[in-house]
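*Asks:* Attaching a predicted model along with its sequence, questions to come.
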Amino acid sequence: MIYYLNITTLNVSLILFYLFIGCVCLTSSHVFLEYLSQTGFFYYCFSRSDRSALFGSIRLVSAPPVVAVHDGRRMGSGCREPAPRAECQTEAVLWSMSCFRLTRSMSGVLARVLFYPTLAYNVVMERVSSRWWFNRVDQTVILGALPFRSMTQELVNMENVKGVITMNEEYETKFFCNSEAEWRAAGVEQIRLSTVDLTGVPSLEHIHQGVDFVMKHRENGTSVYIHCKAGRSRSATMAAAYLIRIHCWSPEKACSMLAEVRPHILVRSAQLDILKKYHQQVCASGPNCV
Ligand SMILES: *[C@@H]1O[C@H](CO)[C@@H](O)[C@H](O)[C@H]1NC(C)=O
């Protein structure tokens, strides 16, 4: 009996050990993925479908890199000047090879596999760095990470939240977050504008829907919690669109103003492109468009 118990205990600790190692590996791969995304890797791999990825990355060799604003750093640029031409070409070829392998659907799978490790990474980062789980952008909008059930009272009572925009897919919010019915029971209206993690660019239609939702709450003087998993990319794109709508700022200015309140936001080139389209649509009539 004792022998049997020992074996079981050993097995359990081995399993826990492997789980731990697995989490460490996945979390460090997240750090690596984040590095890749900052160097523009994902933009060239995922924002263009299939073959155009190849042409997109080859164009890098001759065209100036696309630059997005984030925290003063250059983002989404492929080969930076003055990169030696040969090196640049090698990079472009390497990129295009990866692009063929990692297609759009793969990025959805990757997002699923990495969901829990990256969520754990966010929780740890909030503890060990100066990152906040959420930040208030203005009297209406709060930009944040996944709203855990335990945060409901704080958001409703202290932050006057009456609306939630969820940019996550269903599987991401299944276990830790309120369902639509649970939000409603707390007096909060939730809308879901699902966008795939890691590479996600919200559609123009979703951006309009989200910002219109915020504007209704703005008229009522209530707050909206805009979130994805980390409150860095998908939801930051939505919050930037809101700033564009009310101030008619350029997308770059909206992103840098947002980075003032939440420095670790990460608006990628493809997301900046969609914000530019949104800007053209809502700010075409000049600066007095509030
Ligand atoms: C705004 O307030 C009115 C009156 O209280 C309410 O009926 C309406 O649902 C509110 N709108 C939103 C978007 O919460």
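*Replies:* Perfect, I can see it now.
*Asks:* And Asn157, how far from the ligand?
*Replies:* Look at Asn157 and the ligand: by CB to the nearest ligand atom, to the nearest Å, they are 17 Å apart. Where you see a C-beta, it was placed from the backbone N, CA and C, and this is true even at glycine.
*Asks:* I'd assumed that residue was in a helix, is it?
*Replies:* Yes: judged by DSSP: H, G, I helix; E, B strand; the rest coil, Asn157 forms part of a helix.
*Asks:* next one: phi and psi at whichever residue of the stretch 51-200 of the chain sits closest to the ligand?
*Replies:* For the stretch 51-200 of the chain, the residue positioned closest to the ligand under CB to the nearest ligand atom is Lys162, at a distance of 5.3 Å. The phi and psi values for Lys162, taken as degrees, to the nearest 10, are phi -120, psi 0.
*Asks:* residues contacting Ile274?
*Replies:* Going by CB atoms under 8 Å, 6 or more residues apart in numbering, Ile274 touches 201-204, 207, 237.
*Asks:* and the gap between it and Pro251?
*Replies:* With distances taken as CB to CB, to the nearest Å, Ile274 is found 9 Å from Pro251.
*Asks:* before we move on, what about Val124?
*Replies:* Per CB to CB, Val124 is found 31 Å from Pro251.
*Asks:* same deal with Tyr225?
*Replies:* Tyr225 sits 22 Å away from Pro251, going by CB to CB.
*Asks:* Equivalent analysis for Pro147, please.
*Replies:* 26 Å.
*Asks:* Could I get the full set of strands for the stretch 101-250 of the chain?
*Replies:* Assignment of strands within the stretch 101-250 of the chain using DSSP state E, counting those that start in this stretch yields the ranges 134-136, 141-144, 161-166, 189-192, 223-227.
*Asks:* Direction included, what does the third one pair against?
*Replies:* By that I understand strand 161-166. Using DSSP bridges, the strands paired with strand 161-166 are strand 189-192 (parallel), strand 223-227 (parallel).
*Asks:* For the longest one, the averaged confidence score.
*Replies:* Read it as strand 223-227. Mean pLDDT, strand 223-227: 97.
*Asks:* Report whether that strand contacts the ligand.
*Replies:* No: using CB under 6 Å from any ligand atom, strand 223-227 never reaches the ligand; the gap is at least 9.0 Å.
*Asks:* Give me the contact list for that strand.
*Replies:* If you take CB under 8 Å, 6+ apart as the criterion, strand 223-227 is touched by 134, 136, 139-147, 155, 159-168, 210, 213-214, 217, 235, 238-239, 242.
*Asks:* Same check on the first one?
*Replies:* With contact meaning CB under 8 Å, 6+ apart, strand 189-192 is reached by 162-166, 168, 170, 178, 180, 183-184, 209-210, 213.
*Asks:* Identify each buried residue in it, please.
*Replies:* Residues 189-191 are the ones in strand 189-192 that count as buried (16 or more other CB atoms under 10 Å).
*Asks:* out of the strands paired with strand 161-166, which comes closest to Leu19?
*Replies:* Among the strands paired with strand 161-166, strand 223-227 comes nearest to Leu19, with 27.4 Å by CB to CB.
*Asks:* In terms of pLDDT, where does Phe213 sit?
*Replies:* At Phe213, pLDDT is 97.
*Asks:* And the buried residues of strand 189-192, which is closest to Leu266?
*Replies:* For these, the nearest to Leu266 is Ile191 (23.0 Å; CB to CB).
*Asks:* Distance check, the closest one against Ile226.
*Replies:* 10 Å.
*Asks:* repeat for Val201
*Replies:* Val201 is 16 Å from Ile226, by CB to CB.
*Asks:* Looking at these two now, which is surrounded by more residues?
*Replies:* Neighbours were counted for Val201 and for Ile226 using other CB atoms under 10 Å; Ile226 has more, 31 against 23.
*Asks:* so what's the more buried one bridging to?
*Replies:* Going by DSSP bridges, Ile226 forms beta bridges with Leu143, Ile165.
*Asks:* which regions of the stretch 1-150 of the chain lie under the pLDDT threshold?
*Replies:* 1-14, 23, 25-108 (pLDDT under 70).
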